[in-house]
Every structure is written in structure tokens, then in C-alpha cells.
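Novice: Just need the structure, nothing else, for what follows:
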Amino acid sequence: MWPVTDAFKAALTQSHEKAQRVEVLQGGEVKAVLAVVVDGSVKVARGDAIRRSVDLTLVDETGDLTPRTARDLLAPRGTELRVWRGIVLPGGPELVPLGTFRISKPSVSLRKGGLVVSVRGYDRMKAIQRARFWTPYTIASNTNVASAIQSLATSRMANLSFNLAATVRTTPLLVFAKGDDPAKALIDLADSAGQELFFDPMGVLTTRQVVDPATQPPVWTYIAGEEAILLDAEKSLDEEYTYNGVIVEGENAQITVRAEAWDTNSASPTYYDPANPTASTYGPVPYFQTSSFFTAQAQAQATADARLLLVKGMLERVRFSAVVNPAHDVGDVVRVTRPPVADALYSLESLTVPVRSGVLEATARAREL
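Specialist: Residues are numbered from 1 along each chain as shown. Modelled structure (predicted):
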């Protein structure tokens, strides 16, 4: 959850005035502020390489915003939009960044009210994904994983900022072929150190250790009631994507590894212990993963342990809508209390945040205890 003041949190549960800001960035510098945004939303999905996307609709009263050539302000030439949403407090607006998006697809239509410009954008991972290797790219053996991530990302996109978690993990000799996807390479590098990788709302390339949601306190509580901001909720249970184990295998010129991690919590409904298989009523349902990025058995085990935290447990998913809290991010742990549909702790998986009007739409997965 993005840091906000206590005054911001208190205002969320009361009637409040919304604040928005959309900045146009070129070379990382703010060149303009769009005051004509009439609609739009930001979508965030954990687990996707491109975690954030935006769709905006603007009314172009003067015609100055309509892109006619590649040199115009909203043309897709590396220009970015940084979208903010917040609350007007007595001391002024407090804004939270929703994302930094490279303009990908502007379109123009002539309607009764005038020119309407629609803009779609994606976080910076889209630009890295499109900058595929045009010559073989090599990472030397014994390169620190964080250093490898920073060098690779910098080779695909200039002027990046980084917030990389420290790690002692190293790489084997890695050679990526022409046409390989550098975004996938970055994600796989982080995964080999038990980390997840993404661009944060300010466009900073970030890695962090995968943490156990069961150890995280809730950052917000959604309840029904007169002063509550929860509007509605629905729940589903789906066995299709329920796993209770992870098996990781890898092979390169340096090492061959295999690691397993299982849900050995006897209180879990998906409990399974290979050492005592008859004690499980659910049985084994492993998730398989392969990688050639390992240099040690412990590295493979860390990856298996991290992946298990993301996939284990019965997939109880809650979808809910609420008054917009723009500070939320995927991975946040929240309590949702709306008996009999939901009354538990959940980890946010996806968010749709309106830029101007509308409600927060969220999907969350029950936190495994």
C-alpha cells in the first residue's frame, strides 16, 4: 500500500472531494498536465509481466491534443503519462500515483461534444518487452542477480531508476538469443533469487522477496455498515488453479538441480506431506517450474519456497467493489467482512481503479493460514 497520511485514511470513510492529476512525461520530465480527462481507469494485475495499464478519454476542445504527426504531444514516441488520484484535504490535495504509462495507442473520434481522444498505455515493462535482443546477449557466470537485472534493463531502456532487493544469488553463464524476450529474462532472473519483479507506480524497476501473506498484517479492513466503504462482494471457490506443492527443476553446464516445496501445514485443507502421504485427504497437486538460471541447490529451493507462497491453498477468490482507495496495490493483505460471503483475510490479486468517477473493483485470494 502506498504510504498515505492518517488524514487521508480518515477522509476515505467520509464524504470527500476527489482529486486527480495526469502528467505528460518526456525523458522522465513533466512537460504538461492534462486538465481535460473525462474518464478512464488503471488496471493492476499481480503475476502479469506488464503489471499496470491505463485507458483514458480526453475531450480536446482546442484540437491541440489530437495527435496528427509523430512529433505531437500524445503521439506514441516514448511519451509517458503519470496518473495520480487522491483526496482534497483541508491543507490541499493528497495524491497517490496510480502508474507511469508509456503511450501505446491513441485514437481520435469526432462526437457530438467535439473531438474525443482515447489513450491506452502500459507500464515500462511493455517497452522492455518490445526491445527484444537483436544480437545475442550474454550474462557472465557468477554475476550477482541484482547486478544482472540492472545491466540487462539498462541495455533495453535508458534513464531507469531501480529499487532492487539485495541478494547473494548469482547466475550461471547465460546467453539469450536474437529475438528472445528481455522482460521474461528479467522476471526469470528475479525468480531465481526467490523475488518478484515489477515497475512500481512511479516507474521504478523494483524487486522484492516473495513474502508469506500469512505473516502480513492487513493494511485495510472492508466491512459493511453506515461508515464503511465496502459496497458489495461475491465469492467463488475453484479447484482448477489450486496447488499444494511446487517442483522446480533446472539444468545448465554448471549444475543440475531439483527442489520441492509442499503445503505441510496439517491444518490446511490442501495439506500434503510426501513423507506421510496417506494422511492427506486432498492428495498431491504439484505446480511444475523449470529454469536454467540456478547455480546452487539452495537457489532452486528458495525459488520453490517462494512459488509455493503464491500458489498454495484452496483458491477462494473474492471480488468486491468499494469506495476508491487509490493507495492499494496488488499483494496488499486486507480483511473483508461481509458474512456470509466473506469474513477472512485476503491478498489482493487485481485492481481496477477509476481515474475520475466510479468505484474500486478488486479481486482477492484468501490468505492461507
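Novice: Compute the distance between Phe133 and Leu164, please.
Specialist: Distance of Phe133 to Leu164, given as CB to CB, to the nearest Å: 21 Å. In this view, the C-beta of every residue, glycine as well, is placed from N, C-alpha and C.
Novice: same thing with Ala10?
Specialist: Here Ala10 is placed at a distance of 35 Å from Leu164 (CB to CB).
Novice: ditto for Gln254
Specialist: Taking CB to CB, one finds Gln254 at 23 Å from Leu164.
Novice: Leu309 now?
Specialist: Leu309 sits 20 Å away from Leu164, taking CB to CB as the criterion.
Novice: before we move on, what about Asp200?
Specialist: For Asp200, the distance to Leu164 - CB to CB - is 12 Å.
Novice: Which residues are in contact with each of the two?
Specialist: With contacts taken as CB atoms under 8 Å, 6 or more residues apart in numbering, Asp200 and Leu164 have Thr206 as neighbours in common.
Novice: report the longest helix in this protein, please.
Specialist: Longest among the helix segments of the chain by residue count, using DSSP state H, is helix 297-311.
Novice: now the helices: where do they sit in this structure?
Specialist: With DSSP H as the criterion, the chain has helices spanning 6-12, 125-130, 145-156, 182-191, 297-311.
Novice: before we move on, back to that, which of the residues in the longest helix of the chain are buried?
Specialist: By neighbour count with 16 or more other CB atoms under 10 Å, helix 297-311 contains the buried residues 299-311.
Novice: from the middle of its chain, how far away would that helix be?
Specialist: Relative to the mean C-alpha coordinate of its chain, helix 297-311 is positioned 19 Å out (CA atoms, centre = their mean, to the nearest Å).
Novice: Specify the angle between that helix and helix 145-156 in degrees.
Specialist: 70 degrees (axes from the mean of the first three to the mean of the last three CA atoms, to 10 degrees).
Novice: quick one on the thing from earlier: now render the helices of the chain as a markdown table, adding distance to Ala32 and mean pLDDT.
Specialist: Formatted as a markdown table, the helices of the chain follow (distance: least, CB to CB, whole Å; pLDDT from 0 to 100):
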| stretch | distance to Ala32 | mean pLDDT |
| --- | --- | --- |
| helix 6-12 | 26 | 94 |
| helix 125-130 | 20 | 96 |
| helix 145-156 | 26 | 97 |
| helix 182-191 | 29 | 96 |
| helix 297-311 | 39 | 91 |
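Novice: And these: which comes nearest Val323?
Specialist: Val323 lies closest to helix 6-12 among these, at 6.5 Å (CB to CB).
Novice: what packs against the closest one?
Specialist: strand 80-89 (3 or more CB pairs under 8 Å, 6 or more residues apart in numbering; DSSP states H and E).
Novice: Neighbouring strands - and their directions - for the strand it packs on?
Specialist: strand 17-26 (antiparallel), strand 92-111 (antiparallel) (DSSP bridges).
Novice: Can you say which of those strands is nearest to Glu80?
Specialist: Per CB to CB, nearest to Glu80 of those: strand 17-26, 4.2 Å.
Novice: got the contact list for that closest one?
Specialist: Outside strand 17-26, the residues touching it (CB under 8 Å, 6+ apart) are 30-34, 37, 56, 73-74, 78-88, 93-95, 100, 324, 355-357.
Novice: Could you report the separation of Val24 from Thr79?
Specialist: For Val24 relative to Thr79 (CB to CB), the value is 6 Å.
Novice: need the helices of the chain in TSV with distance to Gln216, can you?
Specialist: Listed next are these as TSV, based on distance: least, CB to CB, whole Å:
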stretch	distance to Gln216
helix 6-12	18
helix 125-130	25
helix 145-156	23
helix 182-191	20
helix 297-311	11
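Novice: what mean pLDDT does stretch 84-103 have?
Specialist: Across stretch 84-103, the average pLDDT comes to 96.
Novice: Ends of it, what's the gap?
Specialist: 16 Å (CA to CA, to the nearest Å).
Novice: Ignoring the adjacent residues along the chain, who's closest to Ala131?
Specialist: Arg156 (4.2 Å; CB to CB, 6 or more residues apart in numbering).
Novice: list the helices and strands the longest helix of the chain packs on?
Specialist: Against helix 297-311 (3+ CB pairs under 8 Å, 6+ apart) you get helix 182-191, strand 245-251, strand 256-262, strand 286-290.
Novice: Quick one: those as JSON lines, columns for distance to Gln14 too.
Specialist: JSON lines is the format used below for those (distance: least, CB to CB, whole Å):
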{"stretch": "helix 182-191", "distance to Gln14": "40"}
{"stretch": "strand 245-251", "distance to Gln14": "44"}
{"stretch": "strand 256-262", "distance to Gln14": "45"}
{"stretch": "strand 286-290", "distance to Gln14": "44"}
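Novice: Would you mind giving those as CSV with mean neighbour count and distance to Ser15 added?
Specialist: Output for those, formatted as CSV (neighbours: other CB atoms under 10 Å; distance: least, CB to CB, whole Å):
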stretch, mean neighbour count, distance to Ser15
helix 182-191, 22, 42
strand 245-251, 20, 47
strand 256-262, 18, 48
strand 286-290, 14, 46
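Novice: before we move on, back to that, any chance of the strands paired with strand 80-89 in TSV, plus mean neighbour count and distance to Pro274?
Specialist: Listed next are the strands paired with strand 80-89 as TSV, based on neighbours: other CB under 10 Å; distance: least, CB to CB, whole Å:
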stretch	mean neighbour count	distance to Pro274
strand 17-26	17	52
strand 92-111	18	42
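Novice: what would these look like in JSON lines with distance to Asp332?
Specialist: JSON lines is the format used below for those (distance: least, CB to CB, whole Å):
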{"stretch": "strand 17-26", "distance to Asp332": "21"}
{"stretch": "strand 92-111", "distance to Asp332": "13"}
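Novice: pLDDT of stretch 19-28, averaged?
Specialist: Averaging pLDDT along stretch 19-28 gives 91.
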